[in-house]
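> next come a sequence and a model predicted from it.
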Amino acid sequence: MTTLKICILAGGKGTRLWPLSRENYPKQFIPIFEGQTLFQLTLKRALKITDYQNVYIITSKNFEDLIKRDISSIEPEVIKNVIYEPVGKNTLPAVILGSFYIEKDDIILVLPSDHFIENEDIFINDVKTAYEEAKKGNIVIFGIKPYQPETGYGYIKVRKQKKIHEVLEFIEKPDIVRAKQYYKDSCFYWNAGIFMFPKALFLSFVKEFEPDIFKSFKKGKKYFLENFRDLKAQSIDYGIMEKIDKRFVKMLEAQFSWSDLGSFESMYDFFDKSKKRNFIIGRGELIEEESYENFIINGDKLIVTLGIKNLIVVDTDDVLLVMQKGEGQKLKNVVEFLIQNNRKEVYYNKQGFRPWGTYTVLLEGERYKIKKITVYPGSSLSLQMHHHRSEHWVVIKGTAKVTINDEVHFVHENESIYIPKSTKHRLENPGKVNLEVIEVQNGEYLDEDDIIRFLDNYGRK
């Protein structure tokens with residue numbers, strides 16, 4: 001019996017929205033949509049289409065803690081269906097990896113996790129339409145009617161039918177002159193990167209057009225994973241869609257509102273603005289005086305704008321970006337410069353996420369680092385040891401259960417405890433509210449990899 005299976009792709013580096021998004025904290029995991037992330041919204045959407053047993057998530061091992069955090073509040077059972085890539089290799093190897101867990105007669109819906117979709121009921125109806133088309137033995141791609149000239153998306157040229165169109169050509173990201181031409185021509189659509197296809201049909205095209213990847217696939221899941229790093233990085237578009245006989249490809253004209261939020265400009269264009277056409281995301285307050293058409297992302301500060309127009313302002317804990325609107329395509333050059341200069345701001349921000357809670361770096365300098373640690377109720381850090389640093393914990397909220405070697409201590413609000421170097425220790429939250437601790441580290445080496453785990457509830461080593 002044919003079943004619809006959903007593969008959610010949750011990898012990616014997210015550098016186009018730097019500094020809001022970082023390599024280890026990409027945009028799909030940032031809770032800026034009324035406290036929810038794009039990944040969570042995608043998962044909820046998938047669970048409206050099918051049961052959790054039919055939803056698979058392909059992601060990087062680097063994002064394991066973020067994935068567990070986001071899944072836990074929606075459908076914890078989905079964690080059984082998370083598939084970790086050893087390294088990112090673009091969308092084609094990711095979907096092939098997911099196909100090991102899917103029956104050969106099933107139909108696969110590929111959903112990127114970093115897209116914003118409104119009108120979810122309409123989206124679900126579109127999925128049902130695409131499913132009926134895929135059952136006929138076709139690959140269905142979702143196309144978006146352009147609402148402006150756009151150089152950041154690939155395009156699909158079609159021969160229009162009713163709602164399902166014949167695909168004539170896939171076109172790479174155009175320059176602005178061609179983008180304006182495509183915008184005026186009703187036969188051109190944006191490629192949303194949402195695909196649906198029978199598994200067997202998809203793999204037949206992999207065999208034909210990407211034989212080296214297919215050979216690795218045929219040797220089985222264990223071999224495929226062990227040799228994943230050696231696979232060619234390839235997208236579904238380049239590897240398959242641009243090469244196959246277009247008789248097997250159909251495009252569904254999406255009726256829902258869509259954006260990949262791939263730049264700050266696209267975020268600004270997509271959302272409603274204030275009377276002055278300013279738009280703000282974040283916890284902080286904005287006072288706007290004679291300021292118009294600005295896009296501001298604010299952490300928790302008060303931001304005052306006076307006499308500015310058409311600016312993008314992104315304020316994070318460790319980086320402030322001020323950019324003229326329309327310059328977003330150049331941001332990748334800045335990120336590349338930072339990578340070449342080994343700046344950690346490309347990879348990390350001051351907040352870290354773990355299965356047990358979060359931490360935020362408040363202050364750091366030579367031989368010291370100060371963090372705020374939040375541990376969820378009933379959760380605990382691993383039983384661990386550090387060779388190069390001591391730690392001093394001050395409880396500011398809740399009650400901490402602290403194990404030091406073989407001794408157990410209960411530490412309450414406004415009490416503290418000291419952990420010497422090279423001492424086994426564990427921090428737990430036995431209570432029903434979040435435990436908040438200020439941690440002062442001191443030592444000659446303070447990076448996160450100075451850790452030896454002895455026992456861990458989350459299977460980490």
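Structure's in. What do you need?
> residues contacting the residue nearest to P19 when sequence neighbours are not counted?
In space, P19 comes closest to V319 once its chain neighbours are excluded; the distance is 3.8 Å by Cβ to Cβ, 6 or more residues apart in numbering. To be clear about C-beta, it is placed using only N, CA and C from the backbone, and glycine gets the same treatment. Counting by Cβ atoms under 8 Å, 6 or more residues apart in numbering, V319 touches P19, E345, N349.
> quick one: Y56 and I8 touch, right?
Yes - counting by Cβ atoms under 8 Å, Y56 touches I8, with 7.1 Å between them.
> picking that back up, distance of the residue nearest to P19 relative to N405?
Plainly put, V319 is 41 Å away from N405 if you go by Cβ to Cβ, to the nearest Å.
> related to what we said a few turns ago, so which of the contacts of V319 sits lowest on pLDDT?
When the contacts of V319 are compared by pLDDT, N349 scores lowest at 82.
> count of neighbours near that one?
By the other Cβ atoms under 10 Å criterion, the neighbourhood of N349 contains 21 residues.
> that one: what secondary structure?
Per DSSP: H, G, I helix; E, B strand; the rest coil, the secondary structure class of N349 is coil.
> that one touches D318, doesn't it?
Yes - counting by Cβ under 8 Å, N349 touches D318, with 6.1 Å between them.
> which residues do those two both contact?
Contact criterion Cβ under 8 Å, 6+ apart; residues bridging N349 and D318 by contacting each: P19.
> which strand in this protein has the most residues?
Of all segments of type strand in the chain, defined using DSSP state E, the longest is strand 188-198.
> hey, C-alpha coordinates of that strand in PDB?
Listed in PDB are the C-alpha atoms of strand 188-198, where the atom choice follows Å, rounded to 0.1, in the frame of the first residue of the first chain:
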ATOM      1  CA  PHE A 188       7.800  31.600 -14.800                       C
ATOM      2  CA  TYR A 189       7.700  30.500 -11.200                       C
ATOM      3  CA  TRP A 190      10.100  30.500  -8.200                       C
ATOM      4  CA  ASN A 191      11.500  27.100  -7.300                       C
ATOM      5  CA  ALA A 192      10.400  26.500  -3.700                       C
ATOM      6  CA  GLY A 193      12.600  23.500  -3.200                       C
ATOM      7  CA  ILE A 194       9.600  21.400  -2.100                       C
ATOM      8  CA  PHE A 195       9.400  18.100  -3.900                       C
ATOM      9  CA  MET A 196       7.200  15.000  -4.000                       C
ATOM     10  CA  PHE A 197       8.000  11.800  -5.800                       C
ATOM     11  CA  PRO A 198       7.700   8.000  -5.600                       C
END
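> pLDDT of it, averaged?
Taken as a whole, strand 188-198 carries a mean pLDDT of 93.
> check which helices and strands it is in contact with.
If you count contacts as 3 or more Cβ pairs under 8 Å, 6 or more residues apart in numbering; DSSP states H and E, strand 188-198 packs onto strand 107-112, helix 120-134, strand 139-144, strand 155-159.
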